[in-house]
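J.: fold the following, please.
(2 chains)
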Amino acid sequence: MKPAAFDYVRAESLEEVLDVLANEGTDARVLAGGQTLIPMLSMRMARPSVVIDIMRLPGLDRIEGAEGTIRVGAAVRQRHVEQYANLVSSQPLLAAALPWVGHAQTRHRGTVCGSVAHADPSAELPLVLITLKGEIELRSRRGSRRVAAESFFIGIMSTDCGVDEMIEAVRFPIARAGVGYAFREIGRRHGDFAIVACAATVDARTARLAIGGVADRPTVRDLPLPGDPGLDDALDAFAWDLEARDDLHATAEYRRQLVRRLGRQTLEEAARCRD
Amino acid sequence: MPRLSASSQHRIRFTLNGRLVSGFAEPRMLLSDFIRHVIGATGTHVGCEHGVCGACTVQIDGAPARSCIMLAVQAEGADIRTVEGLAPPTRLSPLQNAFRDNYGLQCGFCTPGILMSLDALLRDRPDATEPEIREVLSGHLCRCTGYGSIVKAALAAARRLREESPHA
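T.: Residues are numbered from 1 along each chain as shown, chains lettered A, B, ... in the order given. Predicted coordinates:
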């Protein structure tokens, strides 16, 4: 498998990226770590006429605290977030999910923003972003805007990012006191795509569960707290509402059962992890 | 702003196993193909060509990564290490010796990639545990060994390397 021909732009400034996107947006793709885009090119699922490499731009490779969030720039590799000082205390859900993203060998190159831009329905990082009510910073020659994760993912590998826009950064809200966080996933092997992935936050009054790998996008719902007799019925309704389908990896029935059981376990773990 | 056109060949330079190499490629050429076909270093094997099997794993700036899901043009200026860099010709590294002693390979197709991942692991974590070794191996497919002998070889290599440099 080899990619079809394309021009390659080694961008040196953000303005250059935005100019190419403004002029050739529908035929252009932004290349960061390439761990998803290059296979897509090789399989000819993507056939851009120009690929814009953003990894040599100054400033995009920063990970920093900003307004109560961890702000991760477009060129930050997943591996660097794993190594971010005090990640476990500043955002335990992100710390718990990262080891499930591909393999160590792909996390060395893959970026956080690239995974969010690709929007695979079973991907862990979009799931974490949506659970935490994170935001995506989009940039184009028209200007900047910030989009809530819950409205950013709109379908299979489909997002609110316009053809002339690029993701400049994503923001993961930092952990709050009194909130418990948990992540669980079932796949055929560690590193494979999730059959079902669950991320949960639980505080004194609310339980929030997000499911990946079932619907056409990561989906989040507020549910009764663990211990509430209404939780099982609510999980069952959630499982049906995701409209699971049979595929090569699992049946719809198995996925619904995982939503009920793994979802419950994830919520219970999050409740235990409070304080 | 360098824009490399789709239909022309462009010069690419990087360090391969400590030696500066260069060659010409179109933007669409994969790094794995560039290393094998343009540079001629065929120790790196190509399996699935979409980042799943791990056979093409090399070290890029010290970190193991799949060379089939990287473009040669992205490697400009990088420091790349392949299986040829593990030991001088006609010799084997301690890790390679451990693979031979412990039957860590049969057909050998997946071995160069696995060696590059484990070499980096043992460099960073000389006391690597079996779960850590298995975690790294999860990024590789081997259809011969069942992995048991690979884990055994990695543990033996770790012991050997610790003996050789007890103060490391």
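J.: contacts, neighbours, all on C-alpha from now
T.: Noted.
J.: for the nearest residue to A:Pro121 once chain neighbours are set aside, give its distance to chain B.
T.: Distances taken as C-alpha to C-alpha, 6 or more residues apart in numbering or on different chains place A:Arg217 nearest to A:Pro121, at 4.5 Å, with adjacent residues excluded. In this view, A:Arg217 and chain B are 23 Å apart by C-alpha to the nearest C-alpha, to the nearest Å.
J.: would you mind measuring the gap between the ends of stretch B:2-22?
T.: 18 Å (C-alpha to C-alpha, to the nearest Å).
J.: any idea how far the closest residue to A:Glu12 other than its chain neighbours is from chain B?
T.: Once flanking residues are discounted, A:Glu12 sits nearest to A:Leu57: 5.1 Å by C-alpha to C-alpha, 6+ apart. Distance from A:Leu57 to chain B, counting by C-alpha to the nearest C-alpha: 11 Å.
J.: who's in contact with A:Met157?
T.: A:Met157 makes contact with A:118-121, according to C-alpha atoms under 8 Å, 6 or more residues apart in numbering or on different chains.
J.: which segments of chain A make up each domain?
T.: Listed by automatic domain parsing, the domain ranges of chain A are A:7-53, A:63-173, A:180-272.
J.: who wins for proximity to B:Gly148 among those domains?
T.: Of all the domains of chain A, domain A:180-272 sits nearest to B:Gly148, with 16.3 Å by C-alpha to C-alpha.
J.: what average pLDDT does that closest one get?
T.: In this model, domain A:180-272 has an average pLDDT of 96.
J.: how long is that domain from one end to the other?
T.: 7 Å.
J.: low-confidence ranges in chain B?
T.: Low-confidence segments of chain B (pLDDT under 70): B:1, B:166-168.
J.: got the residues of it near chain A?
T.: B:1-7, B:27-30, B:49-51, B:57, B:63-66, B:69-71, B:74, B:117, B:136, B:138-139 (C-alpha under 8 Å from any C-alpha of the partner chain).
J.: try it again at 6 Å.
T.: B:1-6, B:27-28, B:50, B:64-65, B:69, B:139 (C-alpha under 6 Å from any C-alpha of the partner chain).
J.: ok, residue 53 - contacts?
T.: Because you didn't say which chain, this covers chain A. Residues in contact with A:Asp53, defined by C-alpha atoms under 6 Å, 6 or more residues apart in numbering or on different chains, are A:9-11, A:31.
J.: think we crossed wires, I meant chain B
T.: B:140-141 are the contacts of B:Cys53 under C-alpha under 6 Å, 6+ apart.
J.: for the contacts of A:Asp53, give me JSON lines that also has pLDDT.
T.: Shown next, in JSON lines, are the contacts of A:Asp53 (pLDDT from 0 to 100):
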{"residue": "A:Val9", "pLDDT": "98"}
{"residue": "A:Arg10", "pLDDT": "97"}
{"residue": "A:Ala11", "pLDDT": "97"}
{"residue": "A:Leu31", "pLDDT": "98"}
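J.: and the gap between A:Glu82 and A:Gln91?
T.: Shown here: A:Glu82 relative to A:Gln91, a distance of 11 Å by C-alpha to C-alpha.
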